[in-house]
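In: Whatever this is, show me its structure:
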Amino acid sequence: MTAIQPLAKLQDLAARAGRWLGLTAATPAHTQVIAADRWDQATWTETYGQAAALRDLASDLSEQHDHTQDLLQDVFTAAIKATPHLRERGEVDPSRAINHQVVSSLLGSDEFGELRRNTVGDPYAAAMAVLTQGTSLRGMLDQGREAQAAADVQAALESAAAAAAPDGNVPAEQADALAATTQAAQAADNAAGQADADAAAQLAQAAPRIRTAARAAAQKAADAAQAEADTMAAWGISKTQLQRMSFAKRNRLAQQLAGNRLAQFADLIGRFRAMASGERARRIEPTHGELVGITIGDDITRLVPSELANLALPQLRAEFAARLVDGRLMMYDARGDDTAGKGAIIALVDCSASMRRTDGTGTTREAWAKACALALLDQARQAKRDYTAILFASAAQQQTFTFPRGQADIEQVLDLAEHFFAGTTDFQAPLGQAADILARQHDADGVQRGDIVLITDGEADITSDWRDEWRKRKAALAFRVFGISIAARPGEVLEELCDNLRHVTDLADVDQSRDMFRAI
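Out: Numbers count the residues shown, from 1 in each chain. Have a look, this model is predicted:
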């Protein structure tokens, strides 16, 4: 090796190493390919800290590749930012050349653009996109692997710069190390017959394969993200609700919904919700009959002229809105044909052993019943009515789920979906409990006209005393009873108990209950 003076100028060493670095010692280089602000960095740090799977992936990739955590952060940032900015190759540290090629290939694919429809602004979805592409990222790193010459020279130059005196002189030890490293890199380059090639050229050879792998990886991640988004939507979980969850909680939820038991509910629940929503949109509100006076409430179709005048004045609109929310607007009182229920909606779902049976579609009777019950929960939420679901089997087996004004917590909804008794069938206990709920509502608020929906595949005996008491309570509280007989034809008791009864024979068909959603 050529002897080097005890003190060498840092600028001379940088110039000698520049063929490998593509930069001078004074030029700063970024270690992140995607420009990230403080919020981006904080979001990544928090998500990385919560997601053990991300840390495991980084550790796994780092066994054979360098700077893999930086790569995962770049893919995450590219997925979450509304307008990700890819730095120019010359702005990025040479040791991250592979990362630059991988990320630029991802951003250049239509499939990654499709993926971003579900990941922008959503840390969990962006993290899952990274994890879904984990295997493909390894393949792209393998295809783009280059000699460590550039990274070694960079490290030696940084060491020399750190030891340099204010006048730019570098101690002999650091100067020798840099010279040796540069010479070794040159020798390796010559041995490979690539004296005129650098890291960028080597990566360029692998670029087509990396781009192909990037498209496939992005497509796989996009499909997974869309499938999860569809599942969440089917269960009525909004994107806002999801973004409020921690990574761990949301990941548990996704795994729970993808499980064998709840996965079979998702499609059916989605179709029930769509059907019920359509019926609400087409519903024609019943006409109001004879006007008999003035009362207070929140029906804007019956407001008295003075209230309409208040609405027209900008300075009174805030007060109008507050009184509307509280139901304290003056409106005409009517006596007429309004038959829509106003009390609570109560769904009674049979959870006896026979409800686990399936039809030719593979759908269980339980899944149909609970999907219907969850659509009724939506109905209650839209109408701002209280909602209760009572799962029942034998006389001693009832589980109650209460949703005031139809407001639902996803964990409570999942508890409802997963709970099952596998007992016998009794009607008296759950119907009596439903009547008690409506009675308490009436005593507290004076509200009548609730709706009870009994969903069952069986029949049960009732005593004469219970029948007499039931009739009295039904007349006093003015509630309606809708019945759905699944698979089995309705028996005499069910026909006697229900004002409106239907027989469901096809568990893949949600339309057989359409008229009920129009009436409730």
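In: This structure: strands as residue ranges?
Out: Listed in chain order, the strands of the chain (DSSP state E) span 8-9, 169-170, 290-297, 329-335, 345-350, 387-392, 398-403, 451-456, 480-486, 500-504.
In: Could you export these as JSON lines, including mean pLDDT and distance to F517?
Out: C-betas here are computed from N, CA, C, even on glycine. JSON lines is the format used below for those (pLDDT from 0 to 100; distance: least, C-beta to C-beta, whole Å):
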{"stretch": "strand 8-9", "mean pLDDT": "48", "distance to F517": "83"}
{"stretch": "strand 169-170", "mean pLDDT": "56", "distance to F517": "81"}
{"stretch": "strand 290-297", "mean pLDDT": "64", "distance to F517": "24"}
{"stretch": "strand 329-335", "mean pLDDT": "69", "distance to F517": "25"}
{"stretch": "strand 345-350", "mean pLDDT": "96", "distance to F517": "11"}
{"stretch": "strand 387-392", "mean pLDDT": "97", "distance to F517": "14"}
{"stretch": "strand 398-403", "mean pLDDT": "96", "distance to F517": "17"}
{"stretch": "strand 451-456", "mean pLDDT": "96", "distance to F517": "10"}
{"stretch": "strand 480-486", "mean pLDDT": "93", "distance to F517": "10"}
{"stretch": "strand 500-504", "mean pLDDT": "89", "distance to F517": "11"}
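In: need these in TSV with mean neighbour count, can you?
Out: Shown next, in TSV, are the strands of the chain (neighbours: other C-beta atoms under 10 Å):
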stretch	mean neighbour count
strand 8-9	18
strand 169-170	22
strand 290-297	11
strand 329-335	16
strand 345-350	27
strand 387-392	24
strand 398-403	17
strand 451-456	26
strand 480-486	23
strand 500-504	17
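In: among those strands, which is nearest L106?
Out: strand 169-170 (40.1 Å; C-beta to C-beta).
In: In CSV, please show the C-alpha coordinates belonging to stretch 448-466.
Out: What follows is stretch 448-466, C-alpha atoms only, in CSV (Å, rounded to 0.1, in the frame of the first residue of the first chain):
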residue,chain,number,x,y,z
GLN,A,448,-95.4,3.0,24.3
ARG,A,449,-95.4,1.1,21.0
GLY,A,450,-92.2,-0.8,21.2
ASP,A,451,-91.4,-3.7,18.7
ILE,A,452,-90.4,-7.2,19.7
VAL,A,453,-88.9,-9.5,17.1
LEU,A,454,-88.8,-13.2,17.9
ILE,A,455,-86.4,-15.2,15.8
THR,A,456,-86.6,-19.0,16.3
ASP,A,457,-86.5,-22.3,14.5
GLY,A,458,-88.7,-24.1,17.2
GLU,A,459,-91.9,-24.1,19.1
ALA,A,460,-92.5,-24.0,22.8
ASP,A,461,-95.6,-24.4,25.1
ILE,A,462,-97.0,-21.5,27.1
THR,A,463,-99.4,-21.8,30.1
SER,A,464,-102.9,-20.4,30.1
ASP,A,465,-102.0,-18.1,33.1
TRP,A,466,-99.0,-16.7,31.3
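In: before we move on, the earlier item: including distance to T361, could the strands of the chain go into CSV?
Out: Below are the strands of the chain laid out as CSV (distance: least, C-beta to C-beta, whole Å):
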stretch, distance to T361
strand 8-9, 80
strand 169-170, 77
strand 290-297, 45
strand 329-335, 46
strand 345-350, 19
strand 387-392, 23
strand 398-403, 27
strand 451-456, 18
strand 480-486, 13
strand 500-504, 12
